[in-house]
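Engineer: what follows is a protein structure lacking sequence information:
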């Protein structure tokens, strides 16, 4: 063994000490914020955790009027010129009661009570008893705390048990509720739209959805996704079999019309949807469906799958040769025969893009794809394809605090009409119709942080 020598003790770097101090400061501030959120006084500090099925926070007279159709019990609460909190509670006999919390001039003594700095009114003595009862409070519910995290406390919001929106649940209602860890949800309104928050479904969603393409003419629907397969599986598995059958019945004929009979969504298209991508579609004045897909995939996948799609599309375009002739007896005859030469399959180069177009020579249906490295474009609208191959403007998705993994923009009436026809569910309809923002265009996005799924909706009026 070598001779041991003494060495001076190592001194901690000032940079390390400053870094350690910064980390400790962040932890301390975070702990104080968490303590503040748990202890800050609000109506949730006095509401029973189990019996409170809805809490309307900072409810303005205008917002209250808009919500009374979906929640008729709000009409029973005495009016207020200032924003107040209103809670709906379920009583032991199954009936509903209400309680209001306000910090304005007190009500007559016979109709009021005091809880902290709040003047409290209640619909009945049983409701007062629930508020006075020393039990778990809504403010201590972990799902309520998670849903209100990072939410501006000055915003108007409603936290509610989704079962209140579907007192007689459909099969779809039950499936959606069963897919969530908690039936508690939250909707908040800011100056630009609506924020919906849920205790996130099982599975972790991540990645960044790309911006939406700005196309002309404007699509009825545009969707952006970080990975369509990632969110598709848990969502589709939550849809009951009968609704899945309806979806398949709607999608299969459209898929066959657009891409031919030989294309399978899970086997042929899914490999093109596993990376950030966008899809847009619209209907022309004649009713034809036009679409555009933009995305990324390995070059080998693009080569095989796009070639398969073109061959399937071509097989669905029989071109007929029509010949007219006069027989020896003077009668006219018309002969119709299949002529494959009537279908054109052309390839050209535009900058970095290799473009392939399959179409009937006399016009009509067509399919166009373009590949540049691992980028691809697929569609049937020449104008949209030309815009996609250039440098089109893009619109970012709305966001709450994190990066959206999914989102889109749509014509509001077409979007709501689609869900009204496809999903005859009281729960879905209440969420979409009662909580959706105004405007003829609807922008939306989905993000997930710390087990909370946040959906941001923004209404936009087209100039």
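Structural biologist: Cool, the structure landed. Just so we're clear, the structure is a prediction, and the values are computed from it rather than from any experiment.
Engineer: any idea which helix or strand comes after the host helix or strand of residue 370?
Structural biologist: Secondary structure assignment for residue 370, by DSSP states H and E: strand 366-372. Using DSSP H and E, the helix or strand that follows strand 366-372 towards the C-terminus is strand 375-379.
Engineer: what lines up beside the strand holding residue 370 in the sheet?
Structural biologist: The strands beside strand 366-372 in its sheet (DSSP bridges) come out as strand 353-360 (antiparallel), strand 375-379 (antiparallel).
Engineer: pLDDT on the longest one, on average?
Structural biologist: Taken as a whole, strand 353-360 has an average pLDDT of 91.
Engineer: buried stuff in it?
Structural biologist: 353, 355-359 (16 or more other C-beta atoms under 10 Å). Just so you know, the C-beta spots here come from the backbone N, C-alpha and C atoms, and that holds for glycine as well.
Engineer: can you list the buried residues in the strand holding residue 370?
Structural biologist: 366-371.
Engineer: and what of stretch 67-77?
Structural biologist: Buried-residue list, stretch 67-77, by 16+ other C-beta under 10 Å: 67, 70-71, 74, 77.
Engineer: I'd say residue 447 and residue 454 touch.
Structural biologist: Yes - with contact defined as C-beta atoms under 8 Å, residue 447 and residue 454 form a contacting pair (5.2 Å).
Engineer: intersection of neighbour lists for these two?
Structural biologist: Residues touching both residue 447 and residue 454 (C-beta atoms under 8 Å, 6 or more residues apart in numbering): 400-402.
Engineer: and the helix or strand containing residue 454, average pLDDT?
Structural biologist: Assigned by DSSP H and E, residue 454 belongs to strand 452-460. In this model, strand 452-460 has an average pLDDT of 83.
Engineer: what are the ranges of the helices in the stretch 151-300 of the chain?
Structural biologist: For the stretch 151-300 of the chain, the helices defined by DSSP state H, counting those that start in this stretch occupy 171-178, 228-238, 241-259, 299-315.
Engineer: pLDDT wise, what is residue 270 at?
Structural biologist: Predicted confidence (pLDDT) for residue 270: 84.
Engineer: separation between residue 97 and residue 123?
Structural biologist: 4 Å (C-beta to C-beta, to the nearest Å).
Engineer: err, residue 407, not the other one
Structural biologist: 41 Å.
Engineer: tell me which of those two has more neighbours.
Structural biologist: residue 407 (26 against 19; other C-beta atoms under 10 Å).
Engineer: partner strands of the helix or strand hosting that one, with direction?
Structural biologist: Here residue 407 sits within strand 406-411, counting by DSSP H and E. Paired strands of strand 406-411, with direction, are strand 221-225 (antiparallel), strand 441-449 (antiparallel) (DSSP bridges).
Engineer: so what touches the first one?
Structural biologist: Residues outside strand 221-225 that contact it (C-beta under 8 Å, 6+ apart): 209-213, 215, 231, 273, 276-282, 397, 404-411, 414-415.
Engineer: just the buried subset of these, please.
Structural biologist: The buried subset of those - by 16+ other C-beta under 10 Å - is 209-210, 212-213, 215, 231, 273, 276-282, 397, 404-411, 415.
Engineer: per-residue confidence for residue 322?
Structural biologist: 53.
Engineer: now residue 57
Structural biologist: 95.
Engineer: that one looks like it's in a strand, true?
Structural biologist: Yes - counting by DSSP: H, G, I helix; E, B strand; the rest coil, residue 57 is part of a strand.
Engineer: so it bridges to which residues?
Structural biologist: Where residue 57 sits in a bridge, its partners, by DSSP bridges, are residue 157.
Engineer: can you give me the neighbour number for it?
Structural biologist: Neighbour tally, residue 57, other C-beta under 10 Å: 24.
Engineer: ditto for residue 254
Structural biologist: 12.
Engineer: next, count neighbours for residue 97.
Structural biologist: The burial count for residue 97: 20, using other C-beta under 10 Å.
Engineer: next: the one 3 residues further on.
Structural biologist: A count of nearby residues for residue 100, using other C-beta under 10 Å, gives 24.
Engineer: assumed it was part of a strand.
Structural biologist: Yes - counting by three-state DSSP, residue 100 falls inside a strand.
Engineer: okay but it is in contact with residue 84, surely?
Structural biologist: Yes - using C-beta under 8 Å, residue 100 is in contact with residue 84, at 5.5 Å.
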